[in-house]
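Enquirer: output the structure for:
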Amino acid sequence: MPDLSVIIVSWNVRDLLRDCLRSVLAGAGGLVLELIVVDSGSADGTAEMVREEFPQVHLIARPDNVGFPKGNNLGLEVANGRTLLLLNPDTVVVGEALPTAVAYLAAHPAVGMVGCQLLNSDGSVQSSRRRFPTLMTAVYESTWLQPLAPRSLLRHYYAEDVADDETAEVDWVMGAFLLTRREIIAQVGGMDEAYFMYSEELDWCKRIKAAGWQVVYLPTAQVIHHQGKSSEQASTQRHIHFNRAKLRYFRKYHGRLPALLLRLILLLNFATQLLLETAKGIVGHKRPLRWQRARAYWQVLRSGLRPAGE
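Expert: The predicted structure follows:
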């Protein structure tokens with residue numbers, strides 16, 4: 001049985017995936033690895049690259065983009081490792097991150113999920129640890145209202161009281177690096193496939209903690225994360241998926257009424273941005289950019305932002 005199964009869901013990031021796989025192999029540190037790549041209908045030759053350059057990889061080449069949760073679940077279904085790592089394709093494993101994280105999980109039987117310290121491309125620390133969001137957090141976080149949010153609200157959500165170099169139990173960790181146990185899959189299942197992308201790791205950690213396990217941020221394991229290289233390929237869809245995922249989470253865990261209230265607030269937020277960008281475009285301030293943004297916000301409004309899965 002492999003010590004570690006590494007599952008990577010990839011979409012049109014062939015060159016980044018190549019670097020990721022090379023770093024995983026170089027950073028095995030004596031672990032017996034199983035590598036699984038789920039390619040979601042990439043059009044950039046990803047599947048061909050994996051077959052030619054990494055014959056040891058178990059490739060699941062899908063003809064369509066199945067989304068991040070379903071792609072990971074496909075990998076989990078065939079994984080044989082004692083421990084299981086969901087890893088983004090736009091990452092590079094640093095040094096002994098893999099054996100360090102696996103050893104920590106083995107030494108702490110109450111821990112069900114480990115997240116590493118993510119680094120930006122320039123080596124600075126990327127925020128990757130969180131506490132569960134409240135409705136007020138959802139209203140402000142990642143909207144144009146965020147600069148107006150009470151400082152204590154976002155400080156709590158982003159777990160800023162936890163030092164970057166401090167190992168700590170948190171509520172959830174970012175999905176670029178998620179290390180878990182086989183027992184977790186047997187007990188709580190895999191990711192909720194109603195999410196297409198975004199909030200799936202939040203939902204998964206929520207269920208893992210509800211089952212009595214701990215979620216830990218482990219800064220002694222580091223991974224470079226070239227953030228958002230897959231999602232940035234479709235910015236309008238990114239807005240839609242992000243907010244529909246947020247709404248699904250709140251409907252699932254807080255009920256229909258809070259989710260409806262949040263949906264109305266988010267729609268009002270995008271309507272306000274649409275009006276502002278249109279007005280700026282009319283007066284001629286950076287007109288091409290303003291029209292591009294206005295079209296994107298209009299498409300978001302047309303989507304209706306119903307909770308993912310509806």
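Enquirer: now do the buried residues in the helix of greatest length in the chain.
Expert: If you go by DSSP state H, the chain has its longest helix at helix 256-282. Using 16 or more other Cβ atoms under 10 Å as the test for burial, helix 256-282 gives 258-259, 262-263, 266-267, 269-270, 273-274, 277, 280-281. The way it works is simple: take the backbone N, C-alpha and C, and place the C-beta from them, glycine included.
Enquirer: distance of the residue nearest to the spatial centre of the chain from residue 98?
Expert: For the chain, the residue nearest the mean C-alpha position is residue 175 (3.6 Å; Cα atoms, centre = their mean). The spacing between residue 175 and residue 98, counted by Cβ to Cβ, to the nearest Å, is 17 Å.
Enquirer: pLDDT averaged over the longest helix of the chain - what is it?
Expert: Across helix 256-282, pLDDT averages out at 91.
Enquirer: for residue 259, give me its contacts.
Expert: By Cβ atoms under 8 Å, 6 or more residues apart in numbering, the residues touching residue 259 are 247, 250, 251, 307.
Enquirer: doesn't residue 201 make contact with the residue nearest to the centre of the chain?
Expert: Yes. Residue 175 is within contact range of residue 201, at 3.5 Å (criterion: Cβ atoms under 8 Å).
Enquirer: ok, now which ones touch the residue nearest to the centre of the chain?
Expert: Residue 175 is in contact with 68, 86, 88, 200, 201, counting by Cβ under 8 Å, 6+ apart.
Enquirer: kindly report the same for residue 123.
Expert: Each residue near residue 123 by Cβ under 8 Å, 6+ apart is listed here: residue 224.
Enquirer: where's it relative to residue 75, distance?
Expert: Here the criterion is Cβ to Cβ. By it, residue 123 lies 29 Å from residue 75.
Enquirer: which of the contacts of residue 175 lies closest to residue 156?
Expert: residue 201 (18.8 Å; Cβ to Cβ).
Enquirer: quick one: buried residues of the one helix or strand that closest one maps to?
Expert: Using DSSP states H and E, residue 201 sits in helix 200-210. Neighbour-count burial for helix 200-210 flags 200, 201, 202, 203, 204, 205, 206, 207, 208, 209 (criterion: 16+ other Cβ under 10 Å).
Enquirer: I'd guessed the last one sits against residue 203; true?
Expert: When you say that, I think you mean residue 209. No. Counting by Cβ under 8 Å, residue 209 does not reach residue 203; the two are 11.1 Å apart.
Enquirer: C-terminal to the helix holding residue 201, what's the next element?
Expert: From helix 200-210 onward toward the C-terminus, using DSSP H and E, the following helix or strand is strand 214-225.
Enquirer: counting by contacts, list what that following strand packs against.
Expert: Using 3 or more Cβ pairs under 8 Å, 6 or more residues apart in numbering; DSSP states H and E, the elements in contact with strand 214-225 are strand 91-93, helix 97-107, strand 111-119, strand 168-170, strand 172-173, strand 177-181, helix 200-210.
Enquirer: can I get those in CSV including distance to residue 136?
Expert: Shown next, in CSV, are those (distance: least, Cβ to Cβ, whole Å):
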stretch, distance to residue 136
strand 91-93, 32
helix 97-107, 33
strand 111-119, 24
strand 168-170, 19
strand 172-173, 18
strand 177-181, 27
helix 200-210, 16
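Enquirer: so what's the residue count around residue 21?
Expert: 24 (other Cβ atoms under 10 Å).
Enquirer: quick one, domains of this structure?
Expert: Domain ranges of the chain: 4-230, 234-303, per automatic domain parsing.
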